[in-house]
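Student: sequence and computational prediction follow.
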Amino acid sequence: MEKKYELVRKAYDNAYAQYSHFKVGAVLVMKNGEYILGSNIENASYGLSNCAERSALFQAFSLGYRQDDILELVVIGDTARPISPCGACRQVMMELMNPTTKVTLTNLKGDKLELTVEDLLPYSFKDEDMNHG
Ligand code: THU
């Protein structure tokens, strides 16, 4: 199996999802050949939970990577169709990734849907929207 799919499954297994029992894994494939894993991390105060996609992106930025360093984001969940990222994660992807960067959505059955960040969030709110006028 391709390394990115092995690693996204590992991130899925690492999820801390004892409240929803819905595990999600994400992996960022970096242009330098590194992989950065993210899992959903829940909390007894439910609203503090963090999605897998944001865990991976925040880790990448914490390590010093930036938008242009990211080749692809892969996400996995135990869903009937390839997992659909939540709206909050789509907004964060739009800020922390390039709009044309590939996002591969998958599930435990191996179904795959390849999109870009901008496919996931058309007509998005961006920083330049605040700098007009
Ligand atoms: N979740 C993710 O981590 N990513 C998604 O794309 C969908 C939802 C998490 C949040 C929460 O921990 C659990 O899945 C149930 O919503």
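Tutor: Thanks, I have it. All values reported here derive from a predicted model rather than from experimental measurement.

Student: how many other residues sit next to Leu71?
Tutor: Applying other CB atoms under 10 Å, we find 15 other residues in the vicinity of Leu71. (C-beta placed from N, C-alpha, C; glycine too.)

Student: assess the claim that Val8 and Thr106 are in contact.
Tutor: Yes - in this structure Val8 lies within contact range of Thr106 using CB atoms under 8 Å: 7.3 Å.

Student: need the overlap of contacts for those two.
Tutor: By CB atoms under 8 Å, 6 or more residues apart in numbering, Val8 and Thr106 have these common neighbours: 74-76.

Student: in strands, which of those fall?
Tutor: Using DSSP state E, 74-76 are the members of the shared contacts of Val8 and Thr106 that sit in strands.

Student: residues from the chain in reach of the ligand?
Tutor: Contact residues (CB under 6 Å from any ligand atom) of the chain with the ligand: 17, 20, 22, 24, 40, 42, 49, 51-53, 75, 83, 85-86, 89.

Student: which one's more surrounded, Val8 and Thr106?
Tutor: Regarding Val8 and Thr106, a neighbour count based on other CB under 10 Å identifies Val8 as having more, with 29 against 24.

Student: tell me the centre residue of the protein?
Tutor: Nearest to the mean C-alpha position of the chain, counting by CA atoms, centre = their mean, stands Glu53 at 2.5 Å.
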